[in-house]
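Chemist: Just need the structure, nothing else, for what follows:
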Amino acid sequence: MSDNRIDPRYNLCGTGIFHRKNINKNGERYKKNREEDEKYVLNFTGSEARRVTKANVMTIPVVVHVVYNKPIENIPDEQIYNQMDELNKDFRKLNEDITSVPPVWSSVAADSRIEFKLACMDPEGNKTNGITRTKTDQKVFLIDDDPNTPEKIKISAEGGKDTWDSTRYLNIWVCNLGESLLGYAQFPRGDPSTDGVVINHWVFGANGSASSPDNPFGTAFNMGRTATHEIGHWLDCYHIWGDETMFDDPCSRDDNVADTPNQRGPNSGELTFPNFAEACTDTGPNGTMFMNFMDYSNDISMYMFTVGQVIRMHATLSGPRSSLLESDALVCYAEEARVTRAMRLSPMVFNGVDKMVPIVDKL
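Modeler: Prediction:
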């Protein structure tokens, strides 16, 4: 089976396609960077890995770029806030359906101790709400693995929106990706000008266009889990089956995470435990972990990351994405008017002992 095969069944997530685009565009340099990162992640063990469950909560600054052609694509702020809430629940193991994790895997279901917050300072140091809006003539933004095709969603001159400094912000573009692609992400150490995550507006959050009766995906992906999945890639987690469907033996490789059972390909649909549809001979008696955020199950059927996946995320934030934890994008200053009001004293103040006294201007 050739390496450039693209099976339509696997195109809900375009990260693999975009990964190949980076390989085709940046060649040996990108492949070397990825190999170095993988070695770093796999060596992130021992005392460093054990500290994961006790780590301080890490907060990543986010900017959401809304790029729209039709009014429904210009998603409201409330839809963005909802998605941010869902992200933080999923990554902090606070999602209501975490109780659905089968007992056999409850010990490996993990709180990543990673949170996401909309930036309050833009790259020029100005106040922002962490949301940009761009009207475009582009009706749909498509991706392919051709290195000569520009990724228009991330280029203002092509009808998209330029990337904010990817060493300081997680860039999330929300747009129309068509009716078959949910989203895609860039793995660490790719081109800084294209770094970030792209999500179809139909599956961003749980309200707004995600809850529209016109949603071409129906209710399959309306809980905000596409962003959870794609940011998992951005933090260097692979699909749970390891993306080895391009090889002759789909069970020959995995996701380089010890606590996720091996499986031959992506699960899909609304599933119940146990499920063996994509099981390999070494998967084990409990079947596949279809409820993992890095699978392809419907949103209602995915609700956990594992300890091993979280270790990969922490390795990434201590290595290739460490600058985000030093970002000043969340250091926000009060508006001058608010500061002035806070500094303005009333004519009478407490003397610190027993009564109110008038202010005496000594100037």
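Chemist: from here on, contacts and neighbour counts on C-alpha atoms
Modeler: OK.
Chemist: Now the terminal residues of stretch 86-106, how far apart.
Modeler: 21 Å (CA to CA, to the nearest Å).
Chemist: Outside of it itself, list whatever touches it.
Modeler: Residues from elsewhere that reach stretch 86-106 (CA atoms under 8 Å, 6 or more residues apart in numbering): 109-116, 205, 223-225, 227-228, 273, 286, 291, 303-305.
Chemist: what residues does stretch 305-313 touch?
Modeler: 41-42, 44, 49, 52, 91, 108-112, 232, 235-237, 257-260, 292-294.
Chemist: among those residues, which are in helices?
Modeler: If you go by DSSP state H, the contacts of stretch 305-313 have 41-42, 49, 91, 232 in helices.
Chemist: farthest-separated two in those residues?
Modeler: Leu42 and Phe91 (21.2 Å; CA to CA).
Chemist: Neighbour count for these two, which is higher?
Modeler: Phe91 (24 against 13; other CA atoms under 10 Å).
Chemist: Show the model's pLDDT score for the more buried one.
Modeler: According to the prediction, Phe91 has pLDDT 98.
Chemist: Kindly report the same for the one 4 residues further on.
Modeler: The pLDDT attached to Asn95 in the predicted structure is 98.
Chemist: Now do it against Lys89, distance only.
Modeler: From Asn95 across to Lys89, the span is 5 Å (CA to CA).
Chemist: same check, this time on His201
Modeler: 20 Å.
Chemist: okay, those two: which has more neighbours?
Modeler: Taking neighbours as other CA under 10 Å, His201 and Lys89 compare with His201 leading, 27 against 17.
Chemist: Am I right that Val198 falls within a strand?
Modeler: Yes. According to DSSP: H, G, I helix; E, B strand; the rest coil, Val198 belongs to a strand.
Chemist: Can you name the residues that contact it?
Modeler: Counting by CA under 8 Å, 6+ apart, Val198 touches 172-175, 183-185.
Chemist: Next, work out how far apart the one residue sitting closest to the centre of the chain and Gln186 are.
Modeler: The residue lying closest to the centre of the chain (CA atoms, centre = their mean) is Ile231, at 2.1 Å. Distance check for Ile231 against Gln186: by CA to CA, it reads 9 Å.
Chemist: so what's in contact with these two at the same time?
Modeler: Common neighbours of Ile231 and Gln186 (criterion: CA under 8 Å, 6+ apart): Val197.
Chemist: can you give me the helices in this protein?
Modeler: Using DSSP H, the helices found in the chain span residues 15-42, 47-50, 77-91, 225-234, 307-318, 336-343.
Chemist: what's the closest of the ones you listed to Asn126?
Modeler: The minimum distance between Asn126 and those falls on helix 336-343, with 12.9 Å, by CA to CA.
Chemist: Return the helix or strand in the protein with minimum mean pLDDT.
Modeler: Every helix and strand of the chain was ranked by mean pLDDT, DSSP states H and E. The lowest is helix 336-343, at a mean of 52.
Chemist: Where does pLDDT dip in the stretch 151-300 of the chain?
Modeler: The stretch 151-300 of the chain contains residues with pLDDT under 70 at 244-248.
Chemist: okay, the ones in helices among the contacts of stretch 305-313 in JSON lines with distance to Val67 next?
Modeler: Formatted as JSON lines, the ones in helices among the contacts of stretch 305-313 follow (distance: CA to CA, whole Å):
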{"residue": "Val41", "distance to Val67": "34"}
{"residue": "Leu42", "distance to Val67": "37"}
{"residue": "Ala49", "distance to Val67": "39"}
{"residue": "Phe91", "distance to Val67": "26"}
{"residue": "Gly232", "distance to Val67": "23"}
